[in-house]
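Novice: coords please:
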Amino acid sequence: MAEILTPRPAATVVTLRDAPEGFEVLMLKRNLNSDFIGGAYVFPGGGVDVGDAGDSGQKLSIGITDAEASKRLGIESGGLAYFVACLRELFEEAGLLVACDADGNPVRFSDPETIKRMAAHRRAVNANELKFIDMMEQEELFLDLRGLAYSAHWVTPIGPPRRYDTRFFVALAPTDQVATHDAGETVADQWVRPLEALAMHERGELEMIFPTIKNLKDIAHFTTSREVLDFANSLTEIPRIEPRFKTRNGETVILMPGDDGFDD
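Specialist: Here you go, the predicted model:
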């Protein structure tokens with residue numbers, strides 16, 4: 001019998017910005033050569049690293065303690081690491097840094113020299129030449145977790161070569177920064193309204209996996225980014241969702257908890 005892989009802790013952030021026709025979300029296209037959902041459009045995110053947890057995570061962030069984060073996620077401890085991980089991944093994969101100074105003032109990257117220096121930092125972090133926490137210390141910055149809202153919890157079904165236990169968050173994009181894919185793990189970036197993304201998927205123009213589709217559907221009826229944040233903050237209970245693959249009439253289908261045949 002094949003070994004059942006233990007899901008790796010991961011965090012994903014649905015990054016929001018307002019636009020004339022309604023709010024948009026940032027989506028990145030994964031490299032076609034990736035051995036996990038290559039070619040799919042996803043939200044920025046990835047596995048929780050050692051540097052995201054414990055004293056390191058607390059040292060580089062502001063706005064929430066590990067005890068508060070853990071309570072929100074429904075775990076005993078270590079919750080802060082998920083909050084830190086999704087903003088670290090947002091910087092690494094999309095070049096957006098949700099940060100503030102020691103007094104809690106949002107940091108602006110408006111002058112050319114700062115933009116150039118932060119771009120160099122990002123390249124060094126992605127090349128494993130510089131640790132993310134060391135970069136934050138050099139710049140005397142802190143991750144601003146105050147505007148980060150926990151919104152969903154998905155676990156990869158048994159079967160794929162990689163499995164993740166992923167916490168989803170929503171956050172506002174910094175207004176003075178430009179998102180760009182990393183040209184490594186991701187090969188394209190796109191701001192798109194949720195309803196438009198779903199329509200593009202239906203037309204076969206935008207490949208997406210099931211959790212991405214479901215998270216888009218959950219927020220597609222809102223008008224502004226603030227409404228999405230308020231919705232996420234209002235959630236009192238967020239269920240752990242682990243779909244299952246089933247074969248019916250020779251075809252593989254995805255079943256959600258509560259679907260007929262899910263518990264067979």
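
Novice: pLDDT weak spots in the stretch 151-264 of the chain?
Specialist: Within the stretch 151-264 of the chain, the segments meeting pLDDT under 70 span 160, 262.

Novice: quick one, strands of it?
Specialist: For the stretch 151-264 of the chain, the strands defined by DSSP state E, counting those that start in this stretch occupy 164-172, 186-192, 240-241, 244-248, 251-255.

Novice: can you redo those as a markdown table with mean neighbour count and distance to Glu129?
Specialist: For glycine as for every other residue, the C-beta is placed from the backbone atoms N, C-alpha and C. Shown next, in a markdown table, are the strands of the stretch 151-264 of the chain (neighbours: other Cβ atoms under 10 Å; distance: least, Cβ to Cβ, whole Å):
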| stretch | mean neighbour count | distance to Glu129 |
| --- | --- | --- |
| strand 164-172 | 24 | 26 |
| strand 186-192 | 17 | 19 |
| strand 240-241 | 14 | 37 |
| strand 244-248 | 12 | 40 |
| strand 251-255 | 12 | 40 |
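
Novice: export those strands to CSV and append columns for distance to Met208.
Specialist: Formatted as CSV, the strands of the stretch 151-264 of the chain follow (distance: least, Cβ to Cβ, whole Å):
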stretch, distance to Met208
strand 164-172, 14
strand 186-192, 11
strand 240-241, 16
strand 244-248, 17
strand 251-255, 13
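
Novice: and of these, who's closest to Leu26?
Specialist: strand 186-192 (5.8 Å; Cβ to Cβ).

Novice: the closest one pairs with which strands, parallel or anti?
Specialist: Its sheet considered, strand 186-192 pairs with strand 24-30 (antiparallel) by DSSP bridges.

Novice: work out the gap between the strand it pairs with and the centre of the chain.
Specialist: The chain centroid and the centroid of strand 24-30 are separated by 10 Å, computed with Cα atoms, centre = their mean, to the nearest Å.

Novice: then stretch 226-238?
Specialist: The answer for stretch 226-238 is 16 Å, by Cα atoms, centre = their mean.

Novice: could you pull out the helices in the stretch 151-264 of the chain for me?
Specialist: Remark: helices assigned in the stretch 151-264 of the chain by DSSP state H, counting those that start in this stretch are 194-202, 210-219, 225-234.

Novice: list the buried residues in the last one.
Specialist: By 16 or more other Cβ atoms under 10 Å, the buried positions in helix 225-234 come out as 225, 228-229, 231-232.

Novice: where exactly do the strands run in the stretch 1-150 of the chain?
Specialist: All strands of the stretch 1-150 of the chain, identified by DSSP E, counting those that start in this stretch, fall at 8-17, 24-30, 41-42, 45-47, 61-62, 99-100, 142-144, 149-155.

Novice: output these as JSON lines; include the columns mean neighbour count and distance to Asp259.
Specialist: JSON lines is the format used below for the strands of the stretch 1-150 of the chain (neighbours: other Cβ under 10 Å; distance: least, Cβ to Cβ, whole Å):
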{"stretch": "strand 8-17", "mean neighbour count": "23", "distance to Asp259": "23"}
{"stretch": "strand 24-30", "mean neighbour count": "22", "distance to Asp259": "27"}
{"stretch": "strand 41-42", "mean neighbour count": "22", "distance to Asp259": "24"}
{"stretch": "strand 45-47", "mean neighbour count": "19", "distance to Asp259": "26"}
{"stretch": "strand 61-62", "mean neighbour count": "22", "distance to Asp259": "38"}
{"stretch": "strand 99-100", "mean neighbour count": "21", "distance to Asp259": "42"}
{"stretch": "strand 142-144", "mean neighbour count": "23", "distance to Asp259": "38"}
{"stretch": "strand 149-155", "mean neighbour count": "21", "distance to Asp259": "16"}
